[in-house]
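Engineer: Fold the following for me, if possible:
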Amino acid sequence: MEKLEGIISDIIFRNEDNAYTVANLTNQDDEIVVVGCMPTVEIGETIEVVGKWTSHKLYGSQFQVESFKPLMPTSLEGIHMYLASGVISGIGEKTAKRIIDVFGLRTLDVIQNEPYELTKISGIGKKTVDRIVKSYEEDKELRNIILQLSPYGVTPNLCMKIYRKYKEQSLSIISENPYRLAEEVKGIGFKIADNIASNIGIAKNSPDRIQQGILFLLNGFVHYGHTCIPRENLLRDSVSLLEVNRDLVEQCLIELVFNKKVHIERIEGIEFVYLMKYFEAENSVCSKLIKLSQYKFKDKKKLSSLTKPIQKKDDKNNEFSSLIQSIQQEENISLADKQKEAINACSENGVVIITGGPGTGKTTTINTIIKVFEKQRKKVLLTAPTGRAAKRMSETSNRESKTIHRLLEIGRTTEDDMYFFRNSEQPLDADVVIVDEVSMVDISLMAHLLDAIKLGTRLILVGDSDQLPSVSAGNVLSDLINSEVIKVVRLTEIFRQAQESMIVVNAHRINNGLPLELNSKDKDFFFINKSNEKEIADEIIGLVDKRLPNFYKVDKMKDIQILTPMRKGELGVNNLNSVLQNFLNPKEKYKAEEKFATRTFRVGDKVMQIKNNYAREWTNEDETNSGEGVYNGDIGYIHHIDKEDKLIYVIYDSEKIVEYPFSDLDELEHSFCTTIHKSQGSEFPVIVIPISWAPPMLLTRNLLYTAVTRAKKLVVMVGNVKYLEYMIKNKRTNDRYSNLNYKLGKFKKEGLIE
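Structural biologist: Numbers count the residues shown, from 1 in each chain. Below is the predicted model:
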């Protein structure tokens, strides 16, 4: 083996998944291409490499690195390159030059041993020095962690998360019990922890390993929307994953029950296994809904005859009827019978579900309900699960609407743990709570919301039961409707104005399994036939980049949204986003960008937050307003990239600015194109949908219906009509394991509720 020393002058390529790196190493003699697993090296760093010379048939002579170690640079050039690389937060190219001009070859010694000497330099204050010291120490410790863990498939970004969690104890904790990583560090799954454990000699039949494997599978089921799973399914999958005998799995499952990490419940002869939080959430939702729905209101008024003439001024029914009639006159509207039934139900019941498709008057019904209760001097709160849905509710009602998280006043104890200030001890101050887009609300969020609603508060849940269920665990809206315990009013009449929109007409035709009306002149629903995936992709690019913006005068970035069923393939999210970025926000000389894994983030890019982060802080541009929380599905635009401090700034809702350290860019992905699932709760002026082959589970009626109902002004489908016809006929749904429906129905079956 041969040893070489030099400065990394350029990184030609790096695979973020396995840290395979191709770099230029400059020494006194020459510039050498070095290749190998080098997860921590940065431009400007001085390193020693151990390896051998090889010859590549295309790239010529290369040095194959077997191992390497960082060295402190000893030349002014090396020190400058190291600091200017941005590896230390607070020092960029200009600051590096100023420091070196003052301290010369002593620079690194000063940073390590006398850091506050740096305050002698103009522009560097105590706050900046503190950041430099912290970053320098983290850099050293982090490098050690990365060198130890990279052979086990742990990426540098995940190493950063481990270091943030455990600091200088990281390596000792990992060597003692690597399975803690799977439970305590986001992004470290069971498989990575298991790989580390195997390499450090932990046996396959270790109880820690088996318990973490069971929890890993349960969390996987949650990822697919289940709140629980039959015990037999779990045992079968655990034996297959862990390659141990069933008796050991059963013993470890019972241990998890004793430790209150999971719960087992027998329902109609089947044992279901829950993660404890989902068991508690399901029971809590059931209990609170029963109590709210059975509450006896003293001010209960019936709307038994909305259309009959008023006979007595002191008759309460006629008072209420008169109130409705006056609102219709004020707003110049005429309510359909089903809308009146919904309003009546809200006056009589503690909990009401109002459901219906597009054009059936849900918005008008909500607004009338708000006015009815306000005229009775009731305090009404409006909420929705996402920022976009809450904003739309505010616009249509001309009243404040908040996300459920904001309504409940979210807080946190640590970076990962959140809680709500509003709960049973500090309930919401409201007489009526109206929740829109309830199909998106998962079991955990519903439990938190109900916990904060005091008895005597009317709860009105509004949603479209034909849309996709929540992304997270549970099937809340469908379970509530199917239980027949909660009062449900279905709005079925499509209003004349809505009938003029082919978006509305075709949405209902999809639900009824009927062929669509396509390409009617001067309408808002079009289908462009293309025979293969490349033609479809090319057509979509042309539509979004030029034709739709020019013809309809819409903004190609803000007004047009491409929705696709899948993530992979030529027409999947990953590929379309990569292609569309080149057309909609191409690389330019003065446009900053940062590469992360397989993505390049660029100023101006349209991006989406892909996981809830309750701790992520935001502020507006003049810092007069601030808060915490960015949520799964929020769409924004990259506003600024700060290379020196390693930060990307994203602006959401035209005002909320959020900063992301480069190490947290796994929370973002491009959103020129998104999956249909991710579009839930959002509306866009123009929707473009590729229609092509995909697995049958992704070519379903409710997926197509959800996509179409995201559009406000125009739907354009591009693809093969036979797959469109297949989607309309395919009523397949991915059934979720959930027992909320059963538990609610049990109260009624046993005569415990009316």
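
Engineer: Find the nearest non-adjacent residue to Asp524, please.
Structural biologist: In this structure, Asp524 finds its nearest non-sequential neighbour in Leu714, 5.0 Å apart by Cβ to Cβ, 6 or more residues apart in numbering. Glycine gets a C-beta too; all of them are placed from N, C-alpha and C.

Engineer: which residues does the one you found contact?
Structural biologist: Under the criterion of Cβ atoms under 8 Å, 6 or more residues apart in numbering, the contact list for Leu714 reads 503, 524-526, 548, 552, 685-687.

Engineer: Is it located within a strand, as I assumed?
Structural biologist: Yes. Read with DSSP: H, G, I helix; E, B strand; the rest coil, Leu714 is one of the residues of a strand.

Engineer: Now do the contacts for the spatially closest residue to Arg14 that is not a sequence neighbour.
Structural biologist: Excluding its sequence neighbours, the residue lying closest to Arg14 (Cβ to Cβ, 6+ apart) is Thr21, at 4.7 Å. Each residue near Thr21 by Cβ under 8 Å, 6+ apart is listed here: 11, 13-15, 34-39, 41.

Engineer: Tell me how far the spatially most central residue of the chain lies from Thr386.
Structural biologist: The chain has Asn632 as the residue nearest its centroid, 2.2 Å off, counting by Cα atoms, centre = their mean. Distance of Asn632 to Thr386, computed by Cβ to Cβ, to the nearest Å: 9 Å.

Engineer: same check, this time on Val476
Structural biologist: Distance of Val476 to Thr386, given as Cβ to Cβ: 15 Å.

Engineer: Between these two, tell me which one has more neighbours.
Structural biologist: When Val476 and Thr386 are compared on other Cβ atoms under 10 Å, the one with more neighbours turns out to be Val476, at 29 against 21.

Engineer: So the more buried one sits against Ala447, correct?
Structural biologist: No. In this structure Val476 lies outside contact range of Ala447 using Cβ atoms under 8 Å: 9.7 Å.

Engineer: joint contacts of these two?
Structural biologist: Where contact means Cβ under 8 Å, 6+ apart, the residues bridging Val476 and Ala447 through contact with each are Val285.

Engineer: The nearest residue to Asp429 once chain neighbours are set aside: what's it in contact with?
Structural biologist: Counting by Cβ to Cβ, 6+ apart, the nearest residue to Asp429 once its immediate chain neighbours are dropped is Lys379, at 6.7 Å. Listed by Cβ under 8 Å, 6+ apart, the contact partners of Lys379 are 429-432.

Engineer: For ChimeraX, what selects the buried ones among the residues you listed?
Structural biologist: Those of those that count as buried under 16 or more other Cβ atoms under 10 Å are selected in ChimeraX with:
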select :430,431,432
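
Engineer: Tell me the one among the contacts of Lys379 nearest to Asn398.
Structural biologist: Nearest to Asn398, judged by Cβ to Cβ, of the contacts of Lys379 is Val432 at 16.7 Å.

Engineer: wait, the closest one sits on Phe373?
Structural biologist: Yes. A contact is recorded between Val432 and Phe373 when judged using Cβ under 8 Å, the distance being 5.0 Å.

Engineer: so what sits against both of the two?
Structural biologist: Counting by Cβ under 8 Å, 6+ apart, the residues touching both Val432 and Phe373 are 346, 380, 458.

Engineer: Output those residues in CSV; the columns should cover secondary structure, distance to Asp101 and pLDDT.
Structural biologist: Formatted as CSV, the shared contacts of Val432 and Phe373 follow (DSSP: H, G, I helix; E, B strand; the rest coil; distance: Cβ to Cβ, whole Å; pLDDT from 0 to 100):
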residue, secondary structure, distance to Asp101, pLDDT
Cys346, helix, 73, 91
Val380, strand, 65, 95
Arg458, strand, 70, 95
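
Engineer: In three-state terms, label the residue lying closest to Leu83 once chain neighbours are set aside for me.
Structural biologist: For Leu83, ignoring the flanking residues on the chain, the nearest one in space by Cβ to Cβ, 6+ apart is Ala96 at 3.6 Å. Assigned state for Ala96: helix (three-state reduction, three-state DSSP).

Engineer: picking up where we left off before, list only buried entries from the contacts of Thr21.
Structural biologist: If we count by 16+ other Cβ under 10 Å, the contacts of Thr21 have these buried: 11, 14, 34-39, 41.

Engineer: Out of the residues you listed, which sit inside strands?
Structural biologist: Judged by DSSP state E, the subset of the buried ones among the contacts of Thr21 located in strands is 11, 14, 34-37.

Engineer: any chance you could map the strands in the stretch 551-700 of the chain?
Structural biologist: For the stretch 551-700 of the chain, strands defined by DSSP state E, counting those that start in this stretch occupy the ranges 560-564, 593-596, 599-602, 606-609, 613-619, 626-630, 635-642, 647-652, 656-661, 668-670, 673-675, 684-691.

Engineer: Ignore what I typed, I meant the stretch 151-300 of the chain.
Structural biologist: Per DSSP E, counting those that start in this stretch, the stretch 151-300 of the chain has strands spanning 229-230, 262-267, 270-275. These are given in chain order.

Engineer: Would you mark the buried spots in the last one?
Structural biologist: Read it as strand 270-275. 272-275.

Engineer: Would you mind putting those residues into CSV with distance to Gly225 and pLDDT alongside?
Structural biologist: Listed next are the buried residues of strand 270-275 as CSV, based on distance: Cβ to Cβ, whole Å; pLDDT from 0 to 100:
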residue, distance to Gly225, pLDDT
Phe272, 15, 97
Val273, 16, 97
Tyr274, 14, 97
Leu275, 13, 96
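
Engineer: Pull the most distant pair out of those residues.
Structural biologist: The widest separation within these, taken as Cβ to Cβ, falls between Phe272 and Leu275 and amounts to 11.3 Å.

Engineer: what helices or strands is the host helix or strand of Asp130 leaning on?
Structural biologist: Using DSSP states H and E, Asp130 falls within helix 126-149. In terms of contacts (3 or more Cβ pairs under 8 Å, 6 or more residues apart in numbering; DSSP states H and E), helix 126-149 is packed against helix 107-113, helix 156-166, helix 170-176.

Engineer: Tell me the buried residues in the last one?
Structural biologist: Taking 16+ other Cβ under 10 Å as the neighbour-count basis, helix 170-176 is seen to contain the buried residues 170-171, 173-174.

Engineer: Gly629 touches Arg616, doesn't it?
Structural biologist: Yes. Taking Cβ under 8 Å as the contact criterion, Gly629 and Arg616 are neighbours in contact, 6.6 Å apart.

Engineer: circling back: so for the helix holding Asp130, mean pLDDT?
Structural biologist: Confidence over helix 126-149, taken as the mean pLDDT, stands at 77.

Engineer: Next: stretch 357-368.
Structural biologist: For stretch 357-368, mean pLDDT is 90.
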